[in-house]
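In: Give me a 3D structure for the following:
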Amino acid sequence: MIPHRMRRKIVSTTVVLPCFLLLGASTLSACGNGIKAVESDSSTPTPEDSDADSDSDSDADADADADTSPDTSDDVQVDLTGRSYDIDLAGADITWRAPSAGPTLITMLQTDHLLLMVEAVGSQIDTVGAAAMMLDRGLTQYPCASAFDFDAAPFGANPDFLVGPLEAALVAGSTSVPLYALSFSGTFKPDGSEIAQVAVSALIDARPISSSQGVDVCAALPSFGDECVACPDGEIGCVALDVLDASAPWQADLTVDANVDPSNDPHCD
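Out: Numbering: from 1, shown residues only. Just a heads-up that it's a prediction; the model follows:
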């Protein structure tokens, strides 16, 4: 008999071993305990998507798609050939990112509109631009400045485009004002009704403007917080132009004459 003070309470302990140790199962799912191991089979793609499945279930597909087909929902849905678009440099939705004096500078030129017409479009886009002016009869191409015919540019980013750079010219009085590195970019609306977020950039040679207008443009710019920069010939005398037009609408009744010759117009000096 064990003395009362030396008695110990004997605890009955049951050790439960994982069934896969008892059964030698190769997968947890064989134990029937509600645990399912991640499977790594490569089942046939389910009807819900077209990419190869990375899961193994046969239910409605819940795995992340890996489709790489390009989204063409925003592509232009109409033929843009022959459509002309108007960038109104004095318009309400224009933003002069440079120079700050842009609204004043543009008044020294004969025109305050720029046109961009699509000549051909496919995998590339071919465009021609021109200066334009508003007359009583409406918007018209300015006859005293040559058109600026851009080289065809890739249009793989449809509806986005970028054309240029090239050299062109505007007119101040009767004086030609060179534009260097002129480029246009923007995004066509799918229905071709407008170009959104049209950016126009160039270097304007301010020296002819100063001569024709009797004002030193480069001396006046600092009062606007701007300054002249070097022209391609190295002389300080050019103004960096960077304009953003929120919307350039299609001008259904207007086309750009790529071959306009100012010397044939008696009104051009």
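In: where does residue 1 land on pLDDT?
Out: For residue 1, the pLDDT comes out at 46.
In: Residue 267 now?
Out: For residue 267, the pLDDT comes out at 84.
In: what residue ranges in the protein score low on pLDDT?
Out: 1-72 (pLDDT under 70).
In: And it, split by domain according to the record?
Out: Segmentation of the chain into domains, based on automatic domain parsing, reads 11-69, 84-264.
In: Highest mean neighbour count out of these?
Out: Most buried of those by mean neighbour count (mean count of other C-beta atoms under 10 Å) is domain 84-264; its value is a mean of 18. No exception for glycine: its C-beta is placed from N, CA and C like everyone else's.
In: Off-centre distance for that domain?
Out: Taking the mean of its C-alpha atoms, domain 84-264 sits 18 Å from the chain's own mean (C-alpha atoms, centre = their mean, to the nearest Å).
In: So which residues of the chain form strands?
Out: Along the chain, counting by DSSP state E, strands occupy 84-88, 94-98, 113-121, 124-135, 138-141, 148-149, 153-154, 160-172, 175-188, 194-205, 229-230, 236-249.
In: can I get those in JSON lines with distance to residue 258?
Out: Listed next are those as JSON lines, based on distance: least, C-beta to C-beta, whole Å:
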{"stretch": "strand 84-88", "distance to residue 258": "11"}
{"stretch": "strand 94-98", "distance to residue 258": "25"}
{"stretch": "strand 113-121", "distance to residue 258": "7"}
{"stretch": "strand 124-135", "distance to residue 258": "4"}
{"stretch": "strand 138-141", "distance to residue 258": "10"}
{"stretch": "strand 148-149", "distance to residue 258": "5"}
{"stretch": "strand 153-154", "distance to residue 258": "16"}
{"stretch": "strand 160-172", "distance to residue 258": "12"}
{"stretch": "strand 175-188", "distance to residue 258": "15"}
{"stretch": "strand 194-205", "distance to residue 258": "18"}
{"stretch": "strand 229-230", "distance to residue 258": "30"}
{"stretch": "strand 236-249", "distance to residue 258": "18"}
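In: rewinding a little: now distance to residue 75 too, for the domains of the chain, in JSON lines please.
Out: Shown next, in JSON lines, are these (distance: least, C-beta to C-beta, whole Å):
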{"stretch": "domain 11-69", "distance to residue 75": "13"}
{"stretch": "domain 84-264", "distance to residue 75": "5"}
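In: surely residue 211 meets residue 175?
Out: Yes. Taking contacts as C-beta atoms under 8 Å, residue 211 lies within contact range of residue 175: 6.5 Å.
In: and the residue nearest the centre of the chain, how far is that from residue 145?
Out: Residue closest to the average C-alpha location in the chain (C-alpha atoms, centre = their mean): residue 160, at 5.2 Å. Going from residue 160 to residue 145 by C-beta to C-beta, to the nearest Å gives 28 Å.
In: residues in contact with stretch 94-114?
Out: 86-90, 129-134, 139, 142, 144-145, 170-173, 177, 200, 204, 206, 209, 213, 215, 217, 220-221, 224-226, 239-246 (C-beta atoms under 8 Å, 6 or more residues apart in numbering).
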